[in-house]
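Novice: task: produce atomic coordinates for the following.
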Amino acid sequence: MSSQPATSLPGTHTPAAQGTAFRVLSAISFSHLLNDMIQSLILAIYPLLKSGFNLSFGQVGLITLTYQITASLLQPVVGLYTDKHPKPYSLPVGMGFTLVGLLLLAVAPNFGMLLVAAALVGMGSSVFHPESSRVARMASGGRHGMAQSFFQVGGNVGSSLGPLLAALIIVPNGRGSVAWFSVAALVAIFVLYHVSRWYAVQRAANQGKKAARRGGTVQLSRGKVLFAIGILLVLIFSKYFYLASISSYFTFYLISKFHVSVQSAQVHLFVFLFAVAAGTMIGGPLGDKIGRKYVIWGSILGAAPFTLMLPYADLFWTGILTVLIGLILASAFSAILVYAQELMPGKVGTVSGLFFGFAFGMGGVGAAVLGQLADTTSIDFVYHVCAYLPLLGIVTILLPDVEGHKKTAAA
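Specialist: Numbers count the residues shown, from 1 in each chain. Below you'll find the predicted structure:
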């Protein structure tokens, strides 16, 4: 096996291949699909957990908070550490945490063990996302936005499949059937082992070349870089706080307002999450072509008219509006992440961990805060409040022109 370590994922025939390694991108995107499908099962079975354990909306939000905060606190730490000490084989190990959390979710006897299961899944994410994002950049062949979108679309497709599979399999068969999805985690571990072999070969081939490509990087003062990172985090807050209102409470909203069945509500959630997946695939390549700042502008602020209309729509238009919101909002993250990576060259793991972690954290905090708000007011009121969040996209005007600085530096 050691004589041909790079051939298990053909797509780059030499360790330092210059083209885009689509086989590697496909493998890491597929693993992202399986990882996020497993994670989304937690959200998708909230109605079952709520009735089975007699939970309040606040406790439902606490499950999401536990999962998201575990991931958000650890991801920047993992990213910072692996920038200095790369660990290619951490990918299958991280998926092992997700596997254990999934099995515990199927058999948890009480609310406390549900929180432990959610924390284990969060730990798996904390390892998977920074290192997978690094692999995507390594395999990009210079098409960084496309590679990040390709990687992330797998996760979004997986997230959209969770509610659909929950409606088809878990709701009819009970919470114990969650354990069947351990097969997906085992497949992901197998694929990630081979991705890790490719990663190890690439890292060995590229040692000693770390300073070879400084000419095309962004040259901004430390203060301007930190200010721009702060603006990007505000945008992440607006995007993921709003998405938390959909991912955690959309099924309850539909059931409460339109009196649909649990399975029908889960299908609506699947459609929204599938739209998010489609939007993700658009944002990265578009940012490569027209500039990431324009994509960020259009994605965050462009969703505002539709979020403002959503609380007043009937069931038919609710479905249409949520598809549009998902498509538009989702196109931002790839552009934001690559923009931040260009602001801080050489720190792919740190940047990826920070932004994935902050996104997870905002999703968790949003779920907890909005759950408490729903308990004290109503689920309808939550959507009236959240409708204004995308208006924060106006702060994009404060971001520096990364592409312009790159051209100046290269000249």
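Novice: what comes up buried for the strand or helix carrying residue 371?
Specialist: Taking DSSP states H and E as the definition, residue 371 sits inside helix 348-376. Using 16 or more other CB atoms under 10 Å as the test for burial, helix 348-376 gives 348-371, 373-374. (Glycine included, C-beta is placed from N, CA and C.)
Novice: over to stretch 42-56?
Specialist: Result for stretch 42-56 [16+ other CB under 10 Å]: buried residues 42, 43, 44, 45, 46, 47, 48, 49, 50, 53, 55.
Novice: rewinding a little: so which elements touch the helix holding residue 371?
Specialist: Packing partners of helix 348-376 (3 or more CB pairs under 8 Å, 6 or more residues apart in numbering; DSSP states H and E): helix 57-84, helix 111-138, helix 222-258, helix 332-343, helix 379-386.
Novice: got the angle between the shortest one and helix 348-376?
Specialist: So the one you mean is helix 379-386. Relative orientation of helix 379-386 versus helix 348-376 (axes from the mean of the first three to the mean of the last three CA atoms, to 10 degrees): 130 degrees.
Novice: average pLDDT for stretch 47-55?
Specialist: Confidence for stretch 47-55, expressed as mean pLDDT, is 85.
Novice: what do you get for stretch 133-151?
Specialist: pLDDT averaged over stretch 133-151 gives 88.
Novice: any idea how far that stretch is from the chain center?
Specialist: Distance, stretch centre to chain centre, for stretch 133-151: 15 Å (CA atoms, centre = their mean, to the nearest Å).
Novice: circling back: what's the most buried one of the helices and strands packed on helix 348-376?
Specialist: helix 332-343 (a mean of 27; mean count of other CB atoms under 10 Å).
Novice: give me the residues contacting that helix.
Specialist: Contact partners of helix 332-343, identified using CB atoms under 8 Å, 6 or more residues apart in numbering, comprise 133, 137, 144-145, 148-149, 152, 217-218, 220, 225, 228-229, 232, 235-236, 239, 280, 283-284, 286-287, 292-293, 295-296, 299-300, 347-348, 351-352, 354-355, 359, 399, 402, 406.
Novice: 6 Å instead, please
Specialist: The contact list for helix 332-343 (CB atoms under 6 Å, 6 or more residues apart in numbering) reads 144-145, 148-149, 152, 218, 225, 228, 232, 239, 283-284, 287, 292, 295-296, 299-300, 348, 351, 355, 402.
Novice: now stretch 100-108
Specialist: Applying CB under 6 Å, 6+ apart, the set of residues contacting stretch 100-108 from outside is 38, 114, 117, 120, 121, 176, 178, 179, 182.
Novice: one more: stretch 250-269?
Specialist: Here stretch 250-269 has contacts from 47, 163, 166, 167, 315, 379, using CB under 6 Å, 6+ apart.
Novice: and the third one, how many neighbours does it have?
Specialist: It refers to residue 166. 29 (other CB atoms under 10 Å).
Novice: list the contacts of it.
Specialist: Counted by CB under 6 Å, 6+ apart, residue 166 has contacts 44, 45, 266.
Novice: could I get the residues you listed in CSV, plus columns for secondary structure and distance to residue 339?
Specialist: Below are these laid out as CSV (DSSP: H, G, I helix; E, B strand; the rest coil; distance: CB to CB, whole Å):
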residue, secondary structure, distance to residue 339
44, helix, 32
45, coil, 35
266, helix, 34
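Novice: so where's the stretch 301-411 of the chain shaky on pLDDT?
Specialist: Where the stretch 301-411 of the chain drops to pLDDT under 70, the residues are 403-411.
Novice: now with 50?
Specialist: 407-411 (pLDDT under 50).
Novice: pLDDT on stretch 228-235, on average?
Specialist: In this model, stretch 228-235 has an average pLDDT of 94.
Novice: put the alpha carbons of it into PDB.
Specialist: Coordinates of each C-alpha in stretch 228-235 appear next as PDB, following Å, rounded to 0.1, in the frame of the first residue of the first chain:
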ATOM      1  CA  ALA A 228     -12.600  43.400   7.900                       C
ATOM      2  CA  ILE A 229     -12.800  40.200   9.800                       C
ATOM      3  CA  GLY A 230     -15.100  41.800  12.300                       C
ATOM      4  CA  ILE A 231     -17.400  43.000   9.500                       C
ATOM      5  CA  LEU A 232     -17.500  39.500   8.000                       C
ATOM      6  CA  LEU A 233     -18.400  38.100  11.500                       C
ATOM      7  CA  VAL A 234     -21.300  40.500  11.700                       C
ATOM      8  CA  LEU A 235     -22.500  39.200   8.300                       C
END
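Novice: contacting residues for residue 327?
Specialist: Contact analysis of residue 327 by CB under 6 Å, 6+ apart lists 275, 278, 279.
Novice: which residues touch the closest residue to it other than its chain neighbours?
Specialist: Leaving aside its chain neighbours, residue 327 sits nearest to residue 279 (4.1 Å; criterion: CB to CB, 6 or more residues apart in numbering). By CB under 6 Å, 6+ apart, the residues touching residue 279 are 326, 327, 330, 331.
Novice: kindly recompute the last result at 10 Å.
Specialist: 149, 153, 156, 299, 303, 323-334 (CB atoms under 10 Å, 6 or more residues apart in numbering).
Novice: likewise residue 171?
Specialist: Residue 171 neighbours (CB under 10 Å, 6+ apart): 44, 45, 47, 48, 165, 177, 261, 262, 263, 266.
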